[in-house]
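*Asks:* just a sequence and a predicted model for now, questions to come.
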Amino acid sequence: MEPSEAAARFRCLSYEWFATLSSDYFVDLHVRRSNRPGRPRLLLAPVGSLYDGHIYSWKPGGPVERLMTDDFASNGLLVPNTKPCHGLVLMRCTDHGGYFVCNPCTGEVLALPDSKLPLKMTLRIATRGQPEAPYFFEVAYGLGYCSITRQHKVVRLFRNIEVSSCEVFELDTPAYWRPTAEQPPLCHVKEQKMAVFFNGYLHFLCTDASITTFNTCSETFGSLPPPTGFVNASPVLTELDGYLCFCYGEPDTDDPYHVFLLRDYMKGRWEKLCCIDRMAWPESERMLLRSLCIAPLAMYHSDDGQRKIMFGTGSCKVFGVDFDSNTPEILFTPDGTIIGSCEDDSNLPLCLFEEYLGPVGRTIDEMVLSSPITKAWSDILKWLPGRSVSELNLVCREWRAMIMADCFIHSHVIHANLNKSPRIMVVLDPRFGHYMDLKDFVGHTYLVILYVTPSLVTA
């Protein structure tokens, strides 16, 4: 099979080639033939001393290769999920840089809307007698796949002290973030712990080490317990050797590192795969591999035929450990490559890599502009007042997606305010965006007027 990049270029030969190479049958066949089990390939997204604005790939025994540019990340570091979901990779950009769905093979990137600073995580003060909107201070994302509709779904789970909320964003669908039909259970998630997709479910690791599951087809919730005997020591959730994997052990120490596999998913039965005694490692390996973050990546066979677990670290080092001797085998260090030396980090800058020809999907703006019906409605609604448009936001998913699209927002700001006198707004509390129209303000008594903006126009 040709690599994905070459196969994608062949789509340009003719309409017939494009249709054949884009068909579900060929994409599935290409995935099976190009990603052989036991031959792991890694995606590397570190910022090394020789940083040149690229994301890289590497496989055991081979050189580091440039894969795609990372110019879509405006600030912060890129943190990929530990395993692709049907070829696509969910990436988090630290420092509120947002989330992205990437296909490293084709270089396509889709920026997820409302992911840099989600609206639900912005404190909104109620005005004009409206109830106060809920405020959430933590969120966790996950990328899943529905085998029935053959669609990728991004799911995010919000939480505050009293309640949780869950939203779904379907790729390449003219719709915005929507709530799930079922209310999620109260679970304390952390943004650093992205959900793991396995067996048709997304698995969110909570702060108490319990696991909240989300069925990507039925969109229902469940739960799984942690392994028996678990102690609170930096748990990690991933997939390993076709099973859900739960690991724990304090990073950057010589404490034992425990690895469990969920052998019976329905009964929630965990089995300990191994316990890695880092104190037994040679001093040189122990110091080289000490890191703020350690996580298993895949199972592989070494040159002598032994089956080993491949681990990655926060400093972009890769090593393998067998089940018996626990002796580490250094597989990769970025020093001496086109990456250069990397500083240690509490986030894992690498993940597994899969060849995949499928698209990441179009942006909402592209879908709005490509549909004649949606474009016509957009041209009508852009003349309406902002309050009326916000009410029409509830008509259907397609209208909500259209109204939330950047192209519509910019168009509405221009057209809805033509030939209108400027509104005078009195800002009562700039910390929370609490303001009032001058007409409503007249007749009320306030101790302090903080700001008066004579030409504030809102869409």
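*Replies:* Nice, I can see it. Remember, predicted model here, so these are calculated numbers, not experimental data.

*Asks:* for the closest residue to Pro227 other than its chain neighbours, phi and psi?
*Replies:* Spatial nearest neighbour of Pro227, excluding adjacent residues (Cβ to Cβ, 6 or more residues apart in numbering): Trp270 at 3.9 Å. Glycine gets a C-beta too; all of them are placed from N, C-alpha and C. Backbone torsions for Trp270, taken as degrees, to the nearest 10, come to phi -90, psi 150.

*Asks:* now Glu354
*Replies:* Here is the backbone geometry of Glu354 (degrees, to the nearest 10): phi -130, psi 140.

*Asks:* so it is in contact with Gly87, correct?
*Replies:* Yes: assessed by Cβ atoms under 8 Å, Glu354 is found in contact with Gly87 at 4.9 Å.

*Asks:* between the two, which is the more surrounded one?
*Replies:* More crowded of Glu354 and Gly87, by other Cβ atoms under 10 Å: Gly87, with 25 against 22.

*Asks:* give the contact list for that one.
*Replies:* Contacts for Gly87 were tallied using Cβ atoms under 8 Å, 6 or more residues apart in numbering; they are 31, 103, 105, 354-358.

*Asks:* what segments of the stretch 251-400 of the chain are helices?
*Replies:* For the stretch 251-400 of the chain, the helices defined by DSSP state H, counting those that start in this stretch cover 283-289, 364-370, 372-381, 386-392, 397-404.

*Asks:* deepest-packed of those helices, please.
*Replies:* Most buried of the helices of the stretch 251-400 of the chain by mean neighbour count (mean count of other Cβ atoms under 10 Å) is helix 397-404; its value is a mean of 20.

*Asks:* now do the SS call for the most centrally placed residue in the chain.
*Replies:* By Cα atoms, centre = their mean, the chain has its centre lying nearest to Leu90, at 4.0 Å. Under DSSP: H, G, I helix; E, B strand; the rest coil, Leu90 falls in the strand class.

*Asks:* and Pro40, how far from Asn81?
*Replies:* From Pro40 across to Asn81, the span is 15 Å (Cβ to Cβ, to the nearest Å).

*Asks:* one more: Leu289?
*Replies:* Taking Cβ to Cβ as the measure, Leu289 and Asn81 are separated by 22 Å.

*Asks:* with Ile364 instead?
*Replies:* Ile364 is 23 Å from Asn81, by Cβ to Cβ.

*Asks:* listing partners with orientation, what would you give for the strand or helix carrying Tyr99?
*Replies:* Applying DSSP states H and E as the criterion places Tyr99 in strand 98-103. Strands that pair with strand 98-103, judged by DSSP bridges, come out as strand 89-93 (antiparallel), strand 108-111 (antiparallel).

*Asks:* and the ones you listed as JSON lines, adding distance to Pro184 and mean pLDDT?
*Replies:* Output for those, formatted as JSON lines (distance: least, Cβ to Cβ, whole Å; pLDDT from 0 to 100):
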{"stretch": "strand 89-93", "distance to Pro184": "19", "mean pLDDT": "93"}
{"stretch": "strand 108-111", "distance to Pro184": "25", "mean pLDDT": "92"}
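
*Asks:* any chance of those in JSON lines, plus distance to Ala133?
*Replies:* JSON lines is the format used below for those (distance: least, Cβ to Cβ, whole Å):
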{"stretch": "strand 89-93", "distance to Ala133": "25"}
{"stretch": "strand 108-111", "distance to Ala133": "24"}
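
*Asks:* of those, which is nearest Asp304?
*Replies:* Of all these, it is strand 89-93 that lies closest to Asp304, at 31.8 Å by Cβ to Cβ.

*Asks:* what's in contact with the closest one?
*Replies:* 43, 45, 73-81, 99-104, 141-143, 154, 191, 194, 351.

*Asks:* now stretch 178-188
*Replies:* Outside stretch 178-188, the residues that touch it by Cβ under 8 Å, 6+ apart are 138, 157, 159, 162-169, 204, 206-208, 210, 212, 214, 219-221, 223, 397, 400.

*Asks:* next: stretch 275-291.
*Replies:* The contact list for stretch 275-291 (Cβ under 8 Å, 6+ apart) reads 249, 251-259, 313-315, 317, 319, 321, 326-328, 330, 333, 344.

*Asks:* repeat that with 6 Å
*Replies:* Contacts of stretch 275-291 with the rest of the structure, by Cβ atoms under 6 Å, 6 or more residues apart in numbering, involve 252, 254, 256-258, 313-315, 319, 321, 326, 328, 344.

*Asks:* rewinding a little: so what's the residue nearest to the residue nearest to the centre of the chain when sequence neighbours are not counted scoring on pLDDT?
*Replies:* Closest residue to Leu90 apart from its sequence neighbours, by Cβ to Cβ, 6+ apart: Leu143 at 3.9 Å. At Leu143, the model reports a pLDDT of 96.

*Asks:* what helix or strand is Leu143 on?
*Replies:* Going by DSSP H and E, Leu143 is in strand 138-146.
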